[in-house]
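**Student:** Sequence unavailable; structure follows:
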């Protein structure tokens, strides 16, 4: 027997835990304060640089993502048959909203392997589109020009030796196409001839609907990157720069942000030493001469210590940009020496006060909790009377006290409900046939096992005899001329479905007494259930009429299946599907019983609810219809009662005797 660990009171536990936490926090605060300015500066630099780099990365993703989304949209339009480069007006109507939605997008191109291209340019309020058809027009191109104020386009044709297939964006996208993981190709930054500003082109290659290679691309202006980096500061005097892989600046630092727009535009795509920023040039040179390991590094720049970090920014398919952030150490240290002493004094005073307060706090929490533990022990012993009042200013204590009161009430209600469910179970079990009627030449047996105290399944076996001069049929227990059988399964299980199937059983017996035929029985059952059941509720049911003299079985299945019929002569078991939808679903249910089945000696007819078919093993395997058929075949020589016992035993072995998840019901009819 395992020894029980030594326990302590909640007061001791709280006081000890609070004391340890206070001492650890205080000691850690003092230790960290006196670690030294260098380590502190490194930590601060790491946080500041990481935050700044993350901010720049987020801005760059937001900057470049519209281009990727535009390419995916163009690809989707091609798949939908919306892209027709031969129809310039239709293409412009489609592409103008796309280009106008993001100001950094200056042009969009659609080209194919034949040298055909449609390109749309956007310059403020001015729009231009050009159509190129190298396969038919040769060295000429068609132009459309319009503006927001003059929407009617001007049409012109001009000489042009432009071939989209020779452009870097086209060739790069085609070459990158086998790399399925990343389909977007980005060109190196270059000066856009038409826009007169630096930019990059994103392109994607794919097969069009005509199975020809097609490439779509968008031009992205890079001027907005500097609009962000020139306003961003890392600390009070830090700098942020974005460069290409070749070390050309596309995001200018803050120190050149006060230049006019023309000067800033002139500085783009230049190397750091060419833009008039000695600080940036020296930092970039120093970073290039150090290890490329990620993280902040302390470098001497201009004779002063700076903390610098360089981070790659991946655009895809091997194309990268570089983010460089630098902050002077003087921005990080400041008056750290005096601050350390002040922190130490304040921490020591706080530790003393915290230890005193922890004693009072532990007592405040431990007293009401100890009282609640005593109340819980009393409830566990079955004492459900109200306990003493609880005094505390802690909200959770009041909530637990109220929960104890509700728990007492719920337990009392649960005890009453448990008694009511036992009564309901006895009542429902009393509705099942107490004795199966004796029928000449036939054995009949039935079985029901509810999943809850009350179940949504039922069955009935009603023996009938018609006496001369009497209206209707007399219900008999022996020497029955015919037998009316029922297996019904209401949706769900519990009290509600139990009431539904009990109602079906009562209506069936009334219909049998007045002499209704099979079609009339089913029709009246459905009509009444349509009127009584709420929306979404229904009852699957099988109703059969067994004629002892003719040895025939006529039946009708409303969603209850499969039905299994073993023919002894053929030594085979047939599966009979249902005839129609469950009862209670359709007001005008068509009831056309199928032809009667003649049963010969040794034949077996079995009806099951889905709780038998869908029973699962411990591994989640379904019992299934084939296993039921195996049981029927192996136990076919026995009586209906023996066959039912074999079925129940097979279910128990398959499920490991676990409690059923759904009600289980079966009816077995065997011809002797």
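**Tutor:** Happy to help now that I have it. On a predicted model such as this, the values are computed, not experimentally measured, just so you know. Numbers count the residues shown, from 1 in each chain.
**Student:** okay, now the domains of this protein?
**Tutor:** Structural domains annotated on the chain: 9-334, 434-671, as defined by automatic domain parsing.
**Student:** From residue 131, how far off is the residue of the chain positioned farthest from its centre?
**Tutor:** Within the chain, residue 469 marks the point farthest from the mean C-alpha position, 68.8 Å out by CA atoms, centre = their mean. Here the distance between residue 469 and residue 131 works out to 99 Å (CB to CB, to the nearest Å). For every residue, glycine as well, the C-beta is placed using N, CA and C.
**Student:** Flag the shaky bits of the stretch 51-200 of the chain, pLDDT-wise.
**Tutor:** For the stretch 51-200 of the chain, the stretches with pLDDT under 70 are 179-182.
**Student:** redo that, cut-off 50
**Tutor:** Applying pLDDT under 50 to the stretch 51-200 of the chain flags residues 181.
**Student:** can you give me the strands in it?
**Tutor:** Using DSSP state E, counting those that start in this stretch, the strands of the stretch 51-200 of the chain run over 105-112, 116-123, 126-133, 140-147, 154-159, 185-186, 190-191, 198-207.
**Student:** Sheet partners, orientation included, of the first one?
**Tutor:** What that stands for is strand 105-112. Strand 105-112 sits in its sheet next to strand 116-123 (antiparallel), strand 213-221 (antiparallel), going by DSSP bridges.
**Student:** Now the first one: buried residues?
**Tutor:** By that I understand strand 116-123. 116-122 (16 or more other CB atoms under 10 Å).
**Student:** Quick one: end-to-end length of stretch 309-328, please.
**Tutor:** From its first residue to its last, stretch 309-328 covers 12 Å (CA to CA, to the nearest Å).
**Student:** on that earlier part again, please identify which of the buried residues of strand 116-123 is nearest to residue 568.
**Tutor:** For the buried residues of strand 116-123, the closest approach to residue 568 (CB to CB) belongs to residue 116, at 77.1 Å.
**Student:** Next, the contact list for the closest residue to the closest one other than its chain neighbours, please.
**Tutor:** Among residues not flanking residue 116 along the chain, residue 133 sits closest, at 5.0 Å (CB to CB, 6 or more residues apart in numbering). Residue 133 makes contact with 114-116, according to CB atoms under 8 Å, 6 or more residues apart in numbering.
**Student:** so what does the longest strand along the chain touch, helix or strand wise?
**Tutor:** When the chain is parsed with DSSP state E, its longest strand is strand 304-316. Under the contact criterion of 3 or more CB pairs under 8 Å, 6 or more residues apart in numbering; DSSP states H and E, strand 304-316 touches helix 37-79, strand 185-186, helix 278-288, strand 297-301, strand 319-328, helix 329-333.
**Student:** any chance of the ones you listed in JSON lines, plus mean neighbour count and distance to residue 623?
**Tutor:** What follows is these, written out as JSON lines (neighbours: other CB atoms under 10 Å; distance: least, CB to CB, whole Å):
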{"stretch": "helix 37-79", "mean neighbour count": "17", "distance to residue 623": "47"}
{"stretch": "strand 185-186", "mean neighbour count": "26", "distance to residue 623": "57"}
{"stretch": "helix 278-288", "mean neighbour count": "18", "distance to residue 623": "70"}
{"stretch": "strand 297-301", "mean neighbour count": "16", "distance to residue 623": "68"}
{"stretch": "strand 319-328", "mean neighbour count": "23", "distance to residue 623": "59"}
{"stretch": "helix 329-333", "mean neighbour count": "18", "distance to residue 623": "71"}
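**Student:** Next, format the ones you listed as CSV and append distance to residue 153.
**Tutor:** Listed next are the helices and strands packed on strand 304-316 as CSV, based on distance: least, CB to CB, whole Å:
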stretch, distance to residue 153
helix 37-79, 21
strand 185-186, 31
helix 278-288, 45
strand 297-301, 55
strand 319-328, 35
helix 329-333, 55
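**Student:** Indicate which one of these is closest to residue 146.
**Tutor:** Evaluated over these, closeness to residue 146 peaks at helix 37-79, with 21.2 Å, by CB to CB.
**Student:** chain center to that closest one: distance?
**Tutor:** The chain centroid and the centroid of helix 37-79 are separated by 27 Å under CA atoms, centre = their mean, to the nearest Å.
**Student:** still on that earlier bit, flag whichever of the domains of the chain has the least confidence on average.
**Tutor:** The stretch with the lowest mean pLDDT among the domains of the chain is domain 9-334, at a mean of 84.
**Student:** Mind checking what secondary structure the residue nearest the centre of the chain has?
**Tutor:** By CA atoms, centre = their mean, the mean C-alpha position of the chain lies nearest to residue 620, the distance being 23.1 Å. Recorded secondary structure, residue 620: coil (DSSP: H, G, I helix; E, B strand; the rest coil).
**Student:** Next, it: phi, psi?
**Tutor:** With angles defined as degrees, to the nearest 10, residue 620 sits at phi 90, psi 10.
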